[in-house]
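1. quick check, what structure comes out for this input:
(2 chains)
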Amino acid sequence: MNSVRSLTQAYSQAPWRKQVKLIVLCLLLVVFIALVAGVYLSVTARAATIGREILLMQVDIDDIELEIADLNNQLAVITSSTEMEKRARDLGFEPIEMDQSFYLVVPGYTPREMVRLAPPPSPVTPVTSAMPEGYDESLIDWLRQRILMAGSLLED
Amino acid sequence: MNNENAWRFTIIGSIVSLLAGIVLIQLFRIQLNPKEVEHFLEQSKIYEGDWRPVYPIRGRIYDRYGHEMAGNTTVYEVGIQLNQVKNPHTIALTLNVLLGLDYAEINEIASREPSDKLIYAVVANNVTKEQIERLEKYKEEISRVYGGTRGEDTPSLAGLEYTPRLARSYPEQEIGAGILGFVNQEGEGFYGVEAWYDDLLSGDPQWVFIPRDPNRAEDLPNIPDGASLVLTIDRNIQANVEQILDDAVDSNGATSGTIVVIDPQTGEILAAATTPRMDLNKYSDYSKIFKGETPFNRVVSQAYEPGSVYKVLTMAAALDKGAVKPDTTFIDTGVIEVGGAYIYNWNSGAWGPQDMQGCLQHSLNVCLAWVATQLGAKDFYSYMRAFSIGHLTGVDMAGENPGRLKIPGDADWYDADLGTNAFGQGVSATPLQMATAISAVANEGKMMAPHIVRSIIDNGEQYNNEPRVLGIPIKKETAQTLTEMLSRSLEEEASDALVEGYRIAGKTGTAEIPTPYGYSSSATNASFVGWGPLDDPQFLVYVWLEKPTSSPWGSIVASPVFRQVVERLVVLMDIPPDRIRKALTANH
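-> A predicted model of the protein is given here:
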């Protein structure tokens, strides 16, 4: 009995060691949780910042669209029939009369064609999503879904 | 550890653990209890974001060569956020000086107490960017000078807000006004192309969720702009034709005027000018300019009795059916009785023996009434319906009038109508209907559907509108024969419509105007229709002057207008004189 007790005493740790071990384990757990929380906060903060930037960019898009419309309108006014005629007359030009026309044969001349502002319709191709399924849900959303499902089961 | 103090640590530990336990229990209780979850989710929804309607940018309208005829420009809505107003007087004075608004009215609005029913009041719309920039500068100035001061009387523009939006803009102002129509403040199209294609131009508005939570920010759905349109009109031709028309109406003292130019081979409308017109950017002037029942676009909306230009259709029908031939002789005695009514020539004279070309050349009502009787009522009206008289042409502009063709069987048709309809009285048609019908004669018997839109640009793709045959009322040989007859008529008459170097065909028209008391001969509708070049018609021009006072005759007032239009057309459309054109064709 004494030898067993001696052996046990020889290999067992001192109480203070056990306490330190417990404290270290707790601290490790706390550090781990802190690390996870830190990473989560960092990612969430970046996502929030980028989200805010996206919202601001959408406002910028609206402003730019307004500016584009304005610039197109200004261009149209500057090149309007009345303005162009005024500028032509100010430069000394006059509308040509029928009997003032002189016709020349120009090889390869192509007459003015109707405007093409966009390509003709193209064959329809099926639309595929750029993002695979399963990548459009955040960790928090997933956890929230699981908790709600658990709550519903408990209620049942 | 001292056992005397151990109980203190135990109590502290227990309290802390209890608190932590309560927090954990509450955490799980709130998140697992569906009722609590629903309650908090409902609360959070208020702050999640807003559903807002997003209106696509209205499509633009171009002429056939890409000149913008209708676009969009930024204007501002100025309003007052009532719960943020600090000094109504400053707001009212500023808006009075910078925007010309009524001081008392604005002061009263800005002084109102906000309530559940009234938080924001709009005080001005369609304010230009330049005005807003002046407003901004003034706002900054006030903020700089009085920013640090507090007090009830401290000048402040707090509460004054302005929101940008796009409004319709017409850079060409009046040019093509009748064709385009206009868009009001609510974005709704009226008349012309703006009304006909309103749905396409305005696109599909969508309700979009705008989140406040940046973690929920995502791409807004791509809402395509409204479709854009490319018209068949040539802006330069339109502007020139309008100028000629305005001069003609002024110099002839006419009540109004209309000129239509179409390509008879495709049905494309190259120009459609009418009076009156308005600057489309000032659509609020509509009721001042278009008084009573004045149509916005007479080209499609005003049906009238066309008079002698209608004889082209009568002769075409008779030749096509074989009721007469070009060399058929008619002895004109100056009067003919049809269905109990006596029909006379324009000068009440007798013209003796005339062939069919002579009847057209001298515009003899008696002869053409006789031709209609030779054709017979059944065939005559069958041909007129084939020419689409009394029917809509289906042109893509709002407000088209079908005109009226009485036919046997109608309660108000009489036998005498066969005689009068033969020379264009007792029947009504719009200028576009007449131009379309007669284009069959210019285009080897084929009547092409008139249209104003050449292409639609939607979702980044251009869809072209292909020419469509509306009908083939007469044979190719009939069309060629009649064209030659009408050309020679003009040449032998030394008409004012002739254009040097170009062979054209055409017909004058002088129509009496019906009144409740019968036909008035003091006021007339003077018309001319013509086309050319004869061997390859590129244009058909229809001119109508309403009630000219300088002279009632189409040959005197309308023919010269036709010539002026063609003289511009051949330059703008690069059509060399016939001699040069034929030489070029021969060389190739």
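2. the longest helix in the chain is where?
-> By default, I'm working from chain A. helix A:15-78 (DSSP state H).
3. oops, I was thinking of chain B
-> Across chain B, the longest stretch assigned as helix under DSSP H is helix B:6-32.
4. packing partners for it?
-> helix A:139-155, helix B:34-48 (3 or more Cβ pairs under 8 Å, 6 or more residues apart in numbering or on different chains; DSSP states H and E). Placement of C-beta: from N, CA and C, glycine included.
5. the inter-axis angle of it versus helix B:34-48?
-> 70 degrees (axes from the mean of the first three to the mean of the last three Cα atoms, to 10 degrees).
6. just to be sure, B:Ser521 is in a helix?
-> No - assessed with DSSP: H, G, I helix; E, B strand; the rest coil, B:Ser521 is strand; it does not lie in a helix.
7. who touches it in this structure?
-> B:512, B:552 (Cβ atoms under 8 Å, 6 or more residues apart in numbering or on different chains).
8. ditto for B:Met448
-> Per Cβ under 8 Å, 6+ apart, neighbours of B:Met448: B:264-267, B:436, B:439, B:467-470.
9. show the contacting residues for the residue nearest to it when sequence neighbours are not counted.
-> Distance criterion Cβ to Cβ, 6 or more residues apart in numbering or on different chains; nearest residue to B:Met448, sequence neighbours excluded, is B:Gly267 at 3.2 Å. Each residue near B:Gly267 by Cβ under 8 Å, 6+ apart is listed here: B:436, B:439, B:448-451, B:467-468, B:470.
10. compute the inter-axis angle for the helix or strand bottoming out on mean pLDDT in chain B and helix A:15-78.
-> Ranking every helix and strand in chain B by mean pLDDT, DSSP states H and E puts strand B:49-54 at the bottom, with a mean of 76. Angle of strand B:49-54 versus helix A:15-78, following the same axes, to 10 degrees, is 20 degrees.
11. returning to that earlier point: the longest helix of chain B: which residues count as buried?
-> B:31-32 (16 or more other Cβ atoms under 10 Å in any protein chain shown).
12. what do you get for stretch A:91-98?
-> Residues A:Met98 are the ones in stretch A:91-98 that count as buried (16+ other Cβ under 10 Å).
13. starting at the chain centroid, how far to that stretch?
-> With Cα atoms, centre = their mean, to the nearest Å as the basis, stretch A:91-98 stands 55 Å off its chain's centre.
14. got the contact list for it?
-> B:499-501, B:567-568, B:570-571.
15. and the residues you listed, which of them are buried?
-> Buried, going by 16+ other Cβ under 10 Å: B:499, B:501, B:567-568, B:570-571, out of the contacts of stretch A:91-98.
16. please identify which of those is nearest to A:Gln100.
-> Set against A:Gln100, the nearest of those by Cβ to Cβ is B:Val571 (8.6 Å).
17. and the closest one, how far is that from B:Trp544?
-> Per Cβ to Cβ, to the nearest Å, B:Val571 is found 24 Å from B:Trp544.
18. hmm, back to that, turn the helices and strands packed on helix B:6-32 into JSON lines, columns for mean neighbour count.
-> Formatted as JSON lines, the helices and strands packed on helix B:6-32 follow (neighbours: other Cβ atoms under 10 Å in any protein chain shown):
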{"stretch": "helix A:139-155", "mean neighbour count": "12"}
{"stretch": "helix B:34-48", "mean neighbour count": "11"}
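19. comparing these, which yields the minimum mean pLDDT?
-> Least confidently modelled of the helices and strands packed on helix B:6-32 is helix B:34-48, at a mean of 79 by mean pLDDT.
20. and that helix with helix A:139-155, angle?
-> Angle of helix B:34-48 versus helix A:139-155, following the same axes, to 10 degrees, is 150 degrees.
21. confidence score at the residue nearest the centre of chain A?
-> What sits nearest the mean C-alpha location of chain A, by Cα atoms, centre = their mean, is A:Ile54, with 6.4 Å. Listed pLDDT for A:Ile54 reads 84.
22. now do B:Thr515
-> Confidence for B:Thr515, expressed as pLDDT, is 83.
23. do the same with A:Ser129
-> pLDDT for A:Ser129: 64.
24. circling back: take the helices and strands packed on helix B:6-32 and write them to CSV, including distance to B:Arg165.
-> Formatted as CSV, the helices and strands packed on helix B:6-32 follow (distance: least, Cβ to Cβ, whole Å):
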stretch, distance to B:Arg165
helix A:139-155, 36
helix B:34-48, 25
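25. wait, which of those helices is closest to B:Phe562?
-> Of the helices and strands packed on helix B:6-32, nearest to B:Phe562 by Cβ to Cβ is helix B:34-48, at 67.9 Å.
26. the closest one: how far from the chain's middle?
-> Its chain's C-alpha centre and that of helix B:34-48 lie 52 Å apart, by Cα atoms, centre = their mean.
27. which residues does the most centrally placed residue in chain B bridge with?
-> Residue closest to the average C-alpha location in chain B (Cα atoms, centre = their mean): B:Gly192, at 2.0 Å. Under DSSP bridges, the beta-bridge partners of B:Gly192 are B:Ala398.
28. gap between it and B:Trp553?
-> B:Gly192 is 32 Å from B:Trp553, by Cβ to Cβ.
29. got it, and A:Ile50?
-> Taken as Cβ to Cβ, the span from A:Ile50 to B:Trp553 is 78 Å.
30. these two - which one has more neighbours?
-> Taking neighbours as other Cβ atoms under 10 Å in any protein chain shown, A:Ile50 and B:Trp553 compare with B:Trp553 leading, 17 against 13.
31. so where is the chain shaky, pLDDT-wise?
-> I went with chain A, as the question did not name one. For chain A, the stretches flagged by pLDDT under 70 are A:1, A:9-11, A:13, A:124-135, A:156.
32. chain B, not that one
-> B:1-3, B:152, B:217-219, B:588.
33. quick one, helices of the stretch 401-550 of chain B?
-> In the stretch 401-550 of chain B, the helices defined using DSSP state H, counting those that start in this stretch lie at B:416-421, B:431-442, B:476-493.
34. ok, which of the buried ones among the contacts of stretch A:91-98 also contact chain A?
-> B:499, B:501, B:567-568, B:570-571 (Cβ under 8 Å from any Cβ of the partner chain).
35. greatest separation within the residues you listed: which pair is it?
-> Of all the pairs that those form, the one spanning the most space (Cβ to Cβ) is B:Gly501 and B:Arg568, at 14.2 Å.
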